[in-house]
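> Quick one: sequence and predicted model below, then my questions.
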Amino acid sequence: MNPSHLAAGVDGHGARAAPRLTPLAGGRRPVDRVAAELAAADLLVALGADLHADGVRDTPRRMVAAYGELLTAKPFNLTTFPNDEAYDELVVVREIPFRSLCMHHVLPFYGVAHVAYLPAERILGLSKLARVVELFSRDLQVQERLTTQIAGWLHEQLQPKGVGVVLEAEHLCMSLRGVRTPGAKTVTSALHGLVRDDPRTREEFLTLTHGRT
């Protein structure tokens, strides 16, 4: 998913509103709620449910509302500011909660993201790192792709000296079915620039995220 956007602007304080993100611009269509409710009803019947039962009658609508929420991220502006103080150390936001849907089983996986960047010319509002995680997690995903999408997009849009992303997640397709290993965590990482190529910076990033120092 490569969100498209509108032109950016700069205000009188040097803040630049990066393009407004459109999370459905990567080829996935918006949720068709009417068609989805009909399909959900058919699926429930095929699975043996009685749609006339009191507790199930409204389930197709609830299913679509739940999946629609999990698959739709709110657009936002990735506002950046001049790095006037020439800050040249890592900026790290740890344990950003996220949830997504496994594209293979359409079951949730959830956990925390640790996101860092090494500023160059511009710095980013800290809350926007969480927004980027949410943007890409609201899709049918695999954890590996989600990790690289977050890191790659920040590297492209912010043009920092380096980017690092680590995701830790539990997958219900592992804990509820199949091998049934509740509590098992999958860890993935994606590194760009100096966070990947400079040993000291890479070690600092991995210590801050894995070592929790």
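Good, I have the coordinates. Every value quoted in this text rests on a predicted model; they were computed, and no experiment measured them.

> Glu37: neighbour count?
In terms of burial, Glu37 registers 17 neighbours under the definition other Cβ atoms under 10 Å. C-beta: built from backbone N, CA, C; applies to glycine.

> Tell me if it really is in a strand.
No. Secondary structure of Glu37 (DSSP: H, G, I helix; E, B strand; the rest coil): helix, not part of a strand.

> In this structure it contacts Arg61, no?
Yes. Contact between Glu37 and Arg61 holds when scored by Cβ atoms under 8 Å: they sit 5.7 Å apart.

> Domain map for this structure?
Each domain of the chain is listed here as a residue range: 33-70, 76-211, per automatic domain parsing.

> okay if I get those as a markdown table plus mean pLDDT?
Shown next, in a markdown table, are the domains of the chain (pLDDT from 0 to 100):
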| stretch | mean pLDDT |
| --- | --- |
| domain 33-70 | 96 |
| domain 76-211 | 94 |
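
> and those domains, which is most packed in?
Among the domains of the chain, domain 76-211 has the highest mean neighbour count (mean count of other Cβ atoms under 10 Å), at a mean of 18.

> Quickly note the distance from the residue of the chain positioned farthest from its centre to Asp58.
Of all residues in the chain, His52 has its C-alpha farthest from the mean position, at 37.5 Å, by Cα atoms, centre = their mean. For His52, the distance to Asp58 under the criterion Cβ to Cβ, to the nearest Å works out to 12 Å.

> Kindly report the same for Gly152.
To Asp58, Gly152 is 41 Å away according to Cβ to Cβ.

> Please apply the same query to Leu158.
For Leu158 relative to Asp58 (Cβ to Cβ), the value is 44 Å.

> I'd guessed Leu172 sits against Leu107; true?
Yes. In terms of Cβ under 8 Å, Leu172 counts as a neighbour of Leu107; the distance is 4.3 Å.
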